[in-house]
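J.: Return a 3D structure for these sequence lines:
(4 chains)
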Protein chains: 2
Amino acid sequence: MATDQTSVPQNAEIDDARPQKSMTIGAVCKGLAQEFPDISISKIRYLEDQKLLNPRRTPGGYRLYSASDVVRLRTILRLQRDEFLPLRVIRQELASGRAGDPDAAVATDGHVSVVDKRKRRASVSVQGGGALYALEDVLEETRANPELVKELADYGVIKGELRGGLHYYDETEREIIRAATELARYGVGGRNLRVFRSSADREAALLQQILAPALRSRNPERRKQALEALENLAAVASHLKHLLLIRDLRKIAG
Amino acid sequence: MATDQTSVPQNAEIDDARPQKSMTIGAVCKGLAQEFPDISISKIRYLEDQKLLNPRRTPGGYRLYSASDVVRLRTILRLQRDEFLPLRVIRQELASGRAGDPDAAVATDGHVSVVDKRKRRASVSVQGGGALYALEDVLEETRANPELVKELADYGVIKGELRGGLHYYDETEREIIRAATELARYGVGGRNLRVFRSSADREAALLQQILAPALRSRNPERRKQALEALENLAAVASHLKHLLLIRDLRKIAG
DNA sequence: CGCAGCCTCAAGCTCAGCTTGAAGGAAAGA
DNA sequence: TCTTTCCTTCAAGCTGAGCTTGAGGCTGCG
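T.: Numbering: from 1, shown residues only, chains lettered A, B, ... in the order given. Got it, this is the predicted structure:
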């Protein structure tokens, strides 16, 4: 986590990812058969049916798995085999971004991008990385609907950074887009997200107010402590919000 | 739970009012029903059948559970509920002596954040179990300031359930209190939490609106699916909120 | 004695997590 | 173009885990 993004290793990843070789379900299955002997095509399809995967499709309807799809699948299988988690729980771990997969890339067949391991942590840290992604890359990776992204921008949920006439997004914004895409699948439209945005704004203001003195401090030690406190506060606050939401939803659920 | 686990009674909740040497299966069942609402006599017998328990017997064949049998049973139930372990694995864990008390991680006073020690999974489910805890137990376990709890109640952040003149709280509310306590350490007072509460309310309303038709459905299958969707939506929505907060805080942090 | 509480054993039930099969379209090579 | 192989959906079925239920009977205690 402390390892800060020192500029350029990103470039290699981005350029490399260009050709985006995606695989059919059969190829994915073969590739994983080493590590997971009881994998099967039908099982992979079943996982998709259970909303754990969502690969692209060819015009003809064939599933096409990107590298990150495969990483996700591997994570699922590991959680199932090693942690004994039921699919229902795995789905939530993934949805909530918690499936960090700390020691990935162990597999002998390689192919696991370093960035994939970083992104979860990075997205969740206040002291964020500076890596930027072009809109087109973000769209490709998140498979988000461009219109949704436009909506998000319109409503101020994401902003991007303007550089040379193009919008660039950092990891957090990319993850926001990903989450919004997921919500959209359930029928939560972009404009609904204003609700989320405004409450986040209010909470940020609250935390800022509390830590303002320390953050403005010219003493670097003090500032560092304040930043850490901010991280911690953010985490706890988010947890609290989640709990509150759950409580409300329970009432709804009956 | 208590930080100083020397030779104190195992659990202050229930069985320390019961100095008895051993209990019958019915008594054990009743005693655990608070923490584990879905316990049953037949289930306890089933666990024995599966070689997870092995209580003494009376000459007439009645099962007699010692205090340590009850502890063991509680451990089993916790591993099942919170860690999602299958019985086969629980049996091995127990056999290999690794029956550990999960709350041992509390350690050094003060520096462990709620988020760090919160059980990575477990218990933040919309369709939660109905276990209830008396205020006094909650205070003991969370080490929360009673005034803070009162404030939380005043501001509608928690409500509790009134039973026989006493307030009882479920797990979610207990965790809310825990999180609020953590925030209080940073100077976030109870009344500030109204901000969180109101946004949670709005979001819950949003999700309800979206799923209302399915939730009202008389088709149980459809209702079940809606509940599942609600779980997932909650997870994704919370993740999204976290991301939004992080993004805002980054700006603040500079 | 009476009656609640417990016993065993067998059968059954539900649900997760797949598998199988039928009917057919898509992609790739000869 | 034709053939083969791979892929698609959908419905039905299977297997094992984790209990529940019921029948028939014994235990323990006031």
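
J.: what about the stretch 51-200 of chain A, any weak spots by pLDDT?
T.: A:99-130 (pLDDT under 70).

J.: For the residue in it that DNA strand C sits nearest to, grab the count of nearby residues.
T.: Distances between the stretch 51-200 of chain A and DNA strand C by CB to the nearest atom of the strand are smallest at residue A:60, namely 2.3 Å. To be clear about C-beta, it is placed using only N, CA and C from the backbone, and glycine gets the same treatment. Residue A:60: 5 surrounding residues under other CB atoms under 10 Å in any protein chain shown.

J.: Check the one 5 residues further on too.
T.: Applying the criterion other CB under 10 Å, we find 22 residues in the vicinity of residue A:65.

J.: Could you report the separation of the residue with the shortest distance to the centre of chain A from residue A:51?
T.: Among the residues of chain A, the one closest to the centroid is residue A:175, at 4.2 Å (CA atoms, centre = their mean). Distance, residue A:175 to residue A:51, by CB to CB, to the nearest Å: 18 Å.

J.: For chain A, which residues are neighbours of DNA strand D?
T.: Proximity of chain A to DNA strand D (CB under 7 Å from any atom of the strand) is limited to residues A:24-27, A:41, A:45, A:61-63.

J.: Only the buried members of those: can you turn that into a ChimeraX selection?
T.: In ChimeraX, a selection of the buried entries from the residues of chain A next to DNA strand D looks like this (16 or more other CB atoms under 10 Å in any protein chain shown):
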select /A:25,63
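
J.: can you tell me which residues contact residue A:215?
T.: Going by CB atoms under 8 Å, 6 or more residues apart in numbering or on different chains, residue A:215 touches A:208, A:223, A:226-227, A:230, B:252-254.

J.: try it again with 6 Å
T.: Counting by CB atoms under 6 Å, 6 or more residues apart in numbering or on different chains, residue A:215 makes contact with residue A:226.

J.: From what I see, residue A:175 and residue B:244 are in contact.
T.: No. At 10.2 Å, residue A:175 does not count as touching residue B:244 under the criterion of CB atoms under 6 Å.

J.: Which residue is the nearest non-sequential neighbour of the residue of chain A found nearest DNA strand D?
T.: Closest residue of chain A to DNA strand D, CB to the nearest atom of the strand: residue A:26 (2.4 Å). In space, and not counting its chain neighbours, residue A:26 is closest to residue A:41: 6.4 Å by CB to CB, 6 or more residues apart in numbering or on different chains.

J.: Kindly report the same for residue A:143.
T.: Leaving aside its chain neighbours, residue A:143 sits nearest to residue A:56 (6.3 Å; criterion: CB to CB, 6+ apart).

J.: Could you do residue A:226 as well?
T.: Nearest non-adjacent residue to residue A:226, counting by CB to CB, 6+ apart: residue A:214, 3.5 Å away.

J.: And for residue A:88?
T.: residue B:228 (7.5 Å).

J.: Equivalent analysis for residue A:80, please.
T.: Closest residue to residue A:80 apart from its sequence neighbours, by CB to CB, 6+ apart: residue A:90 at 6.6 Å.

J.: Look up which helix or strand the one you found falls in, please.
T.: Element membership of residue A:90 [criterion: DSSP states H and E] is helix A:87-95.

J.: cool, and residue A:238?
T.: Assigned by DSSP H and E, residue A:238 belongs to helix A:220-253.

J.: Could you identify the most distant pair in the residues of chain A next to DNA strand D?
T.: Farthest pair in these (CB to CB) is A:27 and A:61. Separation: 16.6 Å.

J.: any chance you could map the helices in the stretch 1-150 of chain A?
T.: A:9-17, A:25-33, A:41-49, A:67-82, A:87-95, A:114-124, A:135-142, A:146-154 (DSSP state H, counting those that start in this stretch).
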